[in-house]
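J.: Okay, sequence plus prediction incoming.
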Amino acid sequence: MMRFACICALVLSAGAVHAQSVKLAAHEITVLLSGNTAVGEWDGTRYRQYFDPDGSTIYAQEGTRSARGQWRVEGDEYQSIWPNDTEWEGWFVMEYAGDWYWVSKTTPPTPFKIVVGEQLITE
C-alpha cells in the first residue's frame, strides 16, 4: 500500500512539473501566430484575429466591423498597432497545460486557441 502511495505521489508531482507556464520566445510566437487565427474572448466578447505572415492582422468581433492593423514580434512580445493608435502595444504569449494565453502587466491572463489558416468566419 505504501508503495502505491509513493507511485501516486511521483505521478502527481511529475504532472505538476509538466503543467508549468512557459513564456514563448520570439521565434515561437512567430511560428504560432504567423498564418493562423487566434480565437478567444476579450472583455466578454468573442473575437477572431488573423495574423498574416506579411505583418498585417485582421481583428473581428461578433456584431462589429473588423479592424485591420499591423503585428510584429519584438523581444519576447507579440505587438500590434491599429488605426488611430500612436504606439505599438505588446503582450507576452504564454503556454500552460496545452493552452495559450495573452499576458500583460495591465490585463489578467486571457486564454485563446489557435486555428490553422485564415478563419475569421465561423461556420
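T.: Alright, I've got the coordinates.
J.: If you average pLDDT per helix and strand, which one of the chain comes out bottom?
T.: The helix or strand of the chain with the lowest confidence, counting by mean pLDDT, DSSP states H and E, is helix 2-18 at a mean of 39.
J.: Give the residue spans of the chain that score low on pLDDT.
T.: Within the chain, the segments meeting pLDDT under 70 span 1-19, 122-123.
J.: again, only this time at 90
T.: Within the chain, the set of residues satisfying pLDDT under 90 comprises 1-21, 42-45, 62-65, 98, 105-108, 119-123.
J.: rewinding a little: neighbouring strands of the next helix or strand after the least confident helix or strand of the chain in the sheet, and parallel or not?
T.: The helix or strand immediately downstream of helix 2-18 is strand 22-23, counting by DSSP states H and E. Using DSSP bridges, strand 22-23 pairs in its sheet with strand 89-96 (antiparallel).
J.: Now the partner strand: buried residues?
T.: Taking 16 or more other Cβ atoms under 10 Å as the basis for neighbour counts, the residues of strand 89-96 that come out buried are 90, 91, 92, 93, 94. Just so you know, the C-beta spots here come from the backbone N, C-alpha and C atoms, and that holds for glycine as well.
J.: Quick check: the two most widely separated of these?
T.: Farthest pair in those (Cβ to Cβ) is 90 and 94. Separation: 13.3 Å.
J.: what's near enough to touch the closest residue to residue 107 other than its chain neighbours?
T.: Sequence neighbours aside, residue 91 is the residue nearest to residue 107 in space, at 7.9 Å (criterion: Cβ to Cβ, 6 or more residues apart in numbering). By Cβ atoms under 8 Å, 6 or more residues apart in numbering, the contact list for residue 91 reads 77, 78, 79, 102, 103, 104, 107.
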